[in-house]
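Colleague: Sharing a model that was predicted from the sequence below.
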Amino acid sequence: MIRLTRPQYNSIPADYRSVWTNEAHPELIGKRTAMENSVLDAAGLPTRPAPSGLILEGIHFEIIENYKYRLTSRGQSSDRLGLCEVCFKHVADVHYLVESREYKPGRFTRHKCIDVFGHKECLEKQRKN
C-alpha cells in the first residue's frame with residue numbers, strides 16, 4: 001500500500017484526484033480516489049510507463065498525518081502548575097507537550113492539535129507518530 005501525507009495528496013492536481021460519489025458502490029462513497037501515476041509521483045516513487053488507472057484510499061493508498069512535537073520541562077511541580085493532565089497525579093517536574101500537524105509541505109498548524117502538561121512519560125505516550 002502506498003503511504004502519502006495529506007500535503008502530498010493535496011499536491012496532486014485536482015483533475016487527477018477526487019472523492020468517490022457513485023452510488024453503485026455505496027461502501028466506497030466518501031473515499032478519496034486518484035490516478036495511479038499521480039499518487040506514485042506525489043509519493044516520490046517511480047511511475048509506470050503504461051497508462052495508469054484509478055486507485056482508491058484504503059485499498060491502494062492511505063493518507064497519514066505528519067505531526068511534530070515540542071516537549072519542554074517547565075522546571076516546576078504540580079504545586080504550582082496543577083496535576084498531570086493525562087493521569088491526574090502529582091508531578092515533581094512538569095513537562096509541556098505541544099503538537100503541530102503539517103497542512104502544506106513544510107507548513108505546520110496547531111489547529112485540532114493537543115497541548116498538555118504532565119509527566120514526561122505520560123506526554124510521550126500522547127504522541128501519534
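Modeller: Cool, the structure landed. All of these numbers come straight from a predicted model, not from anything done at the bench. Residues are numbered from 1 along each chain as shown.
Colleague: Tell me which residue is most central in the chain.
Modeller: In the chain, the centroid-proximal residue (CA atoms, centre = their mean) is Glu65; its distance is 1.2 Å.
Colleague: May I have the residues that are in contact with that one?
Modeller: 5-6, 101-102, 128-129 (CB atoms under 8 Å, 6 or more residues apart in numbering). C-beta coordinates here come from the backbone N, C-alpha and C atoms, glycine included.
Colleague: Where helices are concerned, which of these count?
Modeller: Counting by DSSP state H, the contacts of Glu65 place Arg6 in helices.
Colleague: Name the nearest of the contacts of Glu65 relative to Asp115.
Modeller: Ranked by distance to Asp115 (CB to CB), the contacts of Glu65 are led by Arg101 at 12.5 Å.
Colleague: now the farthest one out in the protein, which residue is it?
Modeller: Largest centroid distance in the chain under CA atoms, centre = their mean is Asp79 at 34.7 Å.
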